[in-house]
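Student: Predicted structure and sequence below. I'll ask about it afterward.
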Amino acid sequence: MELLPSLLSTLRSVDPGTLDQEYSAVRSQTSVLKRDLCLTTEAGALKENIKKNRYKDILPYDQSRVLLSPLSSDSDSDYINASFIRGASSDHRYIASQAPLNSTVTHFWGMIWEHKVKVIVMACREIEMGKKKSECYWAPVHQLAAFGPFTVYTQGETRPNEDLVVRALTVSHQQDSHSLIQYQFLSWPDHDIPYEASGVLDLLERVRSSEGGHTSPLLIHCSAGCGRTGVICALDYIHDLLVTKKITADFSIMKIVLELRSQRPSAVQTKEQYQFIFTAAALMFERVLRSAERPPRHNQSKPKKPEKKTRPVSSINRPPQETDMSDTYAVVNKPKHHNPPSPSSAHSGVATPGSSSQSRMLPPSHHYDNDPSGVPAVPIYSTVSPRVKPLSLTHSATPIYDMATPASHNGEYNLLPADCPSPADDEYEDLSSSVSDVTNLCSPGGIGFNCRIQKPRGPRDPPAEWSRLER
């Protein structure tokens, strides 16, 4: 655990150019490994097995491929395009497999049955970019589907989030049955990476929870069983290093990927996938460090109970039942005849949704523009202005609105204090009743009419009340 801060700092500081060079070295050293370890792919290249491969250039090594028994094969062949991969804590920790074809679904379920697989991670969709990437090897919810001698029943299907589908399956053969869980991750494009690393780490946490203490291999597959499958294997391998405390100062993601590639061809298939492992590993280390800091906080929570009664600054001197509307609405021209504000609070606060934390930094009482105490006798109105720059208040260094949205004139405006500069007169209407500003608006002696409304060209009819005869 003492190494994690330094390892995390190293992962964060890796230059993208360095990662490019590392991945090029991974590809070149893969050929060296294949030669030095005498790795072959003869079984997958046999004429009777060629049709069982989804891709002709992704064949399992003979030294690590999964062998089928006659129970799982409809012929004398023991071949399936799947490989055993060693983990940090056991020899047969993973089975990296291609997605089953229509002609190999029976072999796929036979492999699951023989090795008592409890959890399947499916890192692809059935169809991607208009191409079929995997055969559907399960049944609809609450229905049965037969695949050779195996019968599969789908007990239930849930969607914990938009990225994940979880299916509870039961496979039966003769008089026996076996239950397992399938996690299908939907947000991982082929030859690409997910839009965020947290989704993959959350997936692996669910997988480990479902495995429990079971020692059967974790079955992972995408379409070819190398790119996305290799990334998941690498991240789970790193997690096992942390759990078993086998992580050392010479920790190297490059070494882990090369170890995977010595057992499954093209594991971690692209440069972007290689870089993604660094991003996800850094997030994993952050989570472990945060979780290690939690126990002391829980132990100190009891003596800190009285602090829970402390009220926020924005609610001081207010009745408990009063609703604080300053977090949602701007207050303009609302008379206030008591509790005059101090001069230091002479700005009207404007809060936008999602900025309640900043708005609570404002003084506890509002300042109203037409307060008779401490302000000019002539009412002051707020100026309507497009959101061009973040409005910085004197008592808060952070903007009071969300900076994630780019500033634009898409109908979004802020209410600014009257002492802020006004926009150009030819763009927006300027409303003011300050006598000193009259010369900037209309003709001398004007009373602050809207400059875009023309003066009447003739006398107006007097109101009807003026023409009544008093009796």
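Tutor: Looks like it came in fine.
Student: report the longest helix in this structure, please.
Tutor: helix 271-299 (DSSP state H).
Student: What average pLDDT does that helix get?
Tutor: For helix 271-299, mean pLDDT rounds to 85.
Student: Over to stretch 104-122?
Tutor: 96.
Student: Report the buried residues of that stretch.
Tutor: 104-113, 115, 117-122 (16 or more other Cβ atoms under 10 Å). All C-beta atoms are positioned from the backbone trio N, CA, C, and that covers glycine.
Student: One more: stretch 283-290?
Tutor: Leu283, Met284, Phe285.
Student: Just the closest of these to Asn53, please.
Tutor: Nearest to Asn53, judged by Cβ to Cβ, of those is Met284 at 33.4 Å.
Student: residues contacting that closest one?
Tutor: Residues in contact with Met284 (Cβ atoms under 8 Å, 6 or more residues apart in numbering) are Leu201, Leu235, Ile238, His239, Leu242.
Student: repeat that for 6 Å
Tutor: Leu201 (Cβ atoms under 6 Å, 6 or more residues apart in numbering).
Student: domain parsing for this structure?
Tutor: 4-293, 322-453 (automatic domain parsing).
Student: Mind telling me which of the ones you listed the model trusts least?
Tutor: Minimum mean pLDDT among the domains of the chain: domain 322-453, a mean of 45.
Student: where does Ile58 land in three-state SS?
Tutor: Three-state assignment for Ile58 (DSSP: H, G, I helix; E, B strand; the rest coil): coil.
Student: burial measure for the nearest residue to it once chain neighbours are set aside, as a count.
Tutor: Spatial nearest neighbour of Ile58, chain neighbours left out: Ala224 (4.7 Å); criterion: Cβ to Cβ, 6 or more residues apart in numbering. Neighbour count for Ala224, taken as other Cβ atoms under 10 Å: 26.
Student: After the strand or helix carrying Ala96, which helix or strand is next?
Tutor: Under the criterion of DSSP states H and E, Ala96 resides in strand 94-97. As assigned by DSSP H and E, the chain's next helix or strand after strand 94-97 is helix 105-114.
Student: What strands line up against whichever helix or strand comes after that following helix, and which way round?
Tutor: For helix 105-114, the following helix or strand on the C-terminal side (DSSP H and E) is strand 119-122. For strand 119-122, the paired strands and their directions (DSSP bridges) read strand 176-185 (parallel), strand 218-221 (parallel).
Student: May I see the buried residues of the strand ranked longest in the chain?
Tutor: Of all the segments assigned as strand in the chain under DSSP state E, the longest by residue count is strand 150-161. Using 16+ other Cβ under 10 Å as the test for burial, strand 150-161 gives Phe150, Thr151, Val152, Tyr153, Thr154, Glu157.
Student: which residues pair with the nearest residue to Arg206 once chain neighbours are set aside across the strands?
Tutor: Once flanking residues are discounted, Arg206 sits nearest to Tyr183: 6.4 Å by Cβ to Cβ, 6+ apart. Bridge pairing for Tyr183 (DSSP bridges) gives the partners Val121, Val166.
Student: coming back round to it: also compute the angle for the longest strand of the chain relative to helix 105-114, please.
Tutor: Orientation check (axes from the mean of the first three to the mean of the last three Cα atoms, to 10 degrees): strand 150-161 against helix 105-114 gives 80 degrees.
Student: just checking, what packs against strand 150-161?
Tutor: If you count contacts as 3 or more Cβ pairs under 6 Å, 6 or more residues apart in numbering; DSSP states H and E, strand 150-161 packs onto strand 144-147, strand 164-173.
Student: swap the cut-off to 10 Å and go again
Tutor: helix 105-114, strand 144-147, strand 164-173, strand 176-185, helix 198-211 (3 or more Cβ pairs under 10 Å, 6 or more residues apart in numbering; DSSP states H and E).
Student: Fine, thanks again, bye for now.
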